[in-house]
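1. Sequence and predicted structure, then a few things I'm wondering about:
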Amino acid sequence: MERIRRGWRLIGDSVRVLRQDPELLVLPLVGLVGFVAVIVGLFAAVYRRMPEAADFHGVRYLALFALFIPASIIPATMNAALIAAACERLNGGDPTLRSGLKAAWRKFPQLLAWTLLSAVVGMVLQVLAERLKIAGRLAQLTIGLAWALATFFVVPILLFESAGPVEAIKRSSSLFNETWGEQAALLGSMGLALFVAVLPLTIVGAVAMVISPIVGVIIFVAVFGGLFVASGALNGVYVAALYRYATAGDAPGPFSRDDLSHAFGPKRGRARRLRRPR
């Protein structure tokens, strides 16, 4: 319960930061709409029909991989722009959509390489899940979460430090382990709080789907589309705050040092050493 309460405080702090720059919500919205539009458009151009559920399994999924790459570049760039703008705000600046996008564009080659690498890892995990059934699903979950934590700071490192994707992964993993330890919880406090918040909405949507499939689909699209945009914006601020804490050791903006230091559970193992960006 303490982790959930801390997660709600972190969400509240992130909301307070976003209130100063509400226009940043446009970035995850553009990322979502752009991804859907590109993937559907490319699929229709190649296959002359709309995607079906079966297309995202087995061999068909592998065939779609090439289509996901250009579609994924849009949300990846928008996410980087959001993190850049959030870092600017937490550092005392006054960000704009233009300044965030400009920061992301300066590092576009590195972000593109990271998007490709991340997509390959996602594809491998999906293949494992398809081939190994239950064991593959468990591997996809555990390895996927571990990968997400190890690469948590890759985007801000690419934006603000002189590193390519591989160096950024090493740097991110090192920062994370030094700050929260190798025994950090796979689901952070904020992620846990968001999961608790989304769970009842998922149940409502599922019930609505049973009662009326059309109404259920509308609810799912509206609710989860809004949640995706909101959680994407909150996560960008959250990553920016944790990156500042991990590299400089202070709590920026409305965030508290105690909440940030326990964002992934209490630190275990050796004492924390601060490592400033190179």
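-> Right, received. Where do you want to start?

2. Would you mark the buried spots in stretch 226-244?
-> Using 16 or more other CB atoms under 10 Å as the test for burial, stretch 226-244 gives 229-244. (Glycine included, C-beta is placed from N, CA and C.)

3. nope, stretch 21-28 is what I meant
-> 21, 24-28.

4. So for the nearest residue to M123 once chain neighbours are set aside, what's the pLDDT?
-> Leaving aside its sequence neighbours, M123 sits nearest to F65 (CB to CB, 6 or more residues apart in numbering; 5.4 Å). For F65, the pLDDT comes out at 78.

5. before we move on, back to that, now, the buried residues of stretch 21-28 that are in helices?
-> Within these, residues falling in helices by DSSP state H are 26-28.

6. what's the distance between the nearest residue in space to E23 that is not next to it in sequence and E52?
-> Leaving out its chain neighbours, the residue that sits closest to E23 by CB to CB, 6+ apart is L97, at 5.7 Å. Remark: distance between L97 and E52 (CB to CB, to the nearest Å) = 36 Å.

7. So which of the two has more stuff around it?
-> Neighbour count, other CB atoms under 10 Å: between L97 and E52, L97 has more, with 16 against 10.

8. What ranges does the stretch 51-200 of the chain have for its helices?
-> For the stretch 51-200 of the chain, applying DSSP state H, counting those that start in this stretch gives helices covering 58-90, 97-106, 108-150, 154-160, 165-180, 189-211.

9. out of the buried residues of stretch 21-28, who's nearest A248?
-> D21 (21.1 Å; CB to CB).

10. State the pLDDT value of that closest one.
-> Predicted confidence (pLDDT) for D21: 92.

11. What are the phi and psi values at A263?
-> A263 adopts backbone torsions of phi -60, psi -30, taken as degrees, to the nearest 10.

12. low pLDDT regions in the chain?
-> 1, 53, 55-59, 182-198, 201, 205, 208-209, 215-216, 265-278 (pLDDT under 70).

13. Next, the buried residues of stretch 163-174.
-> Buried residues in stretch 163-174 (16+ other CB under 10 Å): 163, 165, 167-169, 171-173.

14. quick one: contacts of it?
-> Outside stretch 163-174, the residues that touch it by CB atoms under 8 Å, 6 or more residues apart in numbering are 110, 113-114, 117, 150-154, 157-158, 161, 275, 278.

15. Can you report how many residues lie near A246?
-> Using other CB under 10 Å as the criterion, the residues surrounding A246 number 24.

16. Spatially, what comes nearest to V15 if we skip its sequence neighbours?
-> In space, V15 is closest to L234, 7.0 Å off (CB to CB, 6+ apart).

17. Which secondary structure element is home to that neighbour?
-> Using DSSP states H and E, L234 maps to helix 213-248.

18. Now do that helix against helix 97-106, angle only.
-> Put simply, helix 213-248 runs at 70 degrees to helix 97-106, going by axes from the mean of the first three to the mean of the last three CA atoms, to 10 degrees.

19. Quick check: next helix or strand after helix 213-248?
-> Next along the chain from helix 213-248, counting by DSSP H and E, comes helix 257-261.

20. In this protein, which residue sits furthest out from the middle?
-> Distance to the chain centre peaks in the chain at I211, reaching 32.7 Å (criterion: CA atoms, centre = their mean).

21. Could you pull up the residues touching that one?
-> Contacts of I211 by CB under 8 Å, 6+ apart: none found.

22. now swap in the one 3 residues further on and tell me
-> With contact taken as CB under 8 Å, 6+ apart, I214 is in contact with no other residue.

23. how close does it sit to M50?
-> 17 Å.

24. can you check I203 too?
-> For I203 relative to M50 (CB to CB), the value is 28 Å.

25. Perfect, I'm done here.
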